[in-house]
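K.L.:
I'll drop the sequence and a predicted model, then ask my questions.
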Amino acid sequence: MPTIDDDTLSQVLLRMGLVNEEQLDEARQEAETTGGTLVQTLLRLGYVSAHEVASAVESAAPSSRDMQSQVEIGGGAPPAPSKAAGGRLSLANQEIDPAALRAIPRATAEEHRVLPLSINDEKIVLAMADTTDVMAIDAVRLHTRRRVEPVEVDPGELARAVEQHYTAAARARAAA
């Protein structure tokens, strides 16, 4: 899987105003200490989102529009509110916006292993087991024409929540 080198990505992220020099220095030092990649560390520290990294990669390689879906951005995730142990959002008491469920068909949610949590005119908040899954983020972004804000959740909890919420929504539509 092709990658973009750290120096190029750093310059693009700086130029886009997504990070500053101090954040990059901190992320570089931590990546060196932990053995992670710069992107993994930036994501884990919450300095950038997977979507922002994809945008930066696209900006760095404008002649290759599908490059953003091919870049290897590793693991990690931006911080999210209401996190459970392990740094993931717990879906147990999370309210799901019915409009968000209607915005993403069940088949898409199951295929990409995502659950829409909320939606407004500008963005959709998306529960994901892998917040670096650029293909899933792009699919939702293209489908909804909104910026995607990924939030990391437990994979098992996500699968149960997709089943529960889409089944409940289908029952509500059938009863209406």
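P.N.:
Received the coordinates, thanks.

K.L.:
outline the domain layout of the protein.
P.N.:
Under the assignment automatic domain parsing, the domains of the chain span 1-74, 82-176.

K.L.:
of these, which shows the lowest average pLDDT?
P.N.:
Here the lowest mean pLDDT among the domains of the chain goes to domain 1-74, at a mean of 73.

K.L.:
circling back to that earlier point, how about the domains of the chain in a markdown table, adding mean neighbour count?
P.N.:
Using the backbone N, CA and C atoms, a C-beta is placed for each residue, glycine as well. Compiled in a markdown table, the domains of the chain are given as follows (neighbours: other CB atoms under 10 Å):
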| stretch | mean neighbour count |
| --- | --- |
| domain 1-74 | 17 |
| domain 82-176 | 17 |
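
K.L.:
in this structure, which helix has the most residues?
P.N.:
Longest helix of the chain, by residue count under DSSP state H: helix 155-175.

K.L.:
so which residues make contact with it?
P.N.:
If you take CB atoms under 8 Å, 6 or more residues apart in numbering as the criterion, helix 155-175 is touched by 90-92, 94, 96, 98, 101-102, 106, 109-110, 113-115, 127-129, 153.

K.L.:
so which residue is dead centre in this structure?
P.N.:
Centroid check for the chain by CA atoms, centre = their mean gives Pro150 as the closest residue, at 3.2 Å.

K.L.:
how about the secondary structure of that residue?
P.N.:
strand (DSSP: H, G, I helix; E, B strand; the rest coil).
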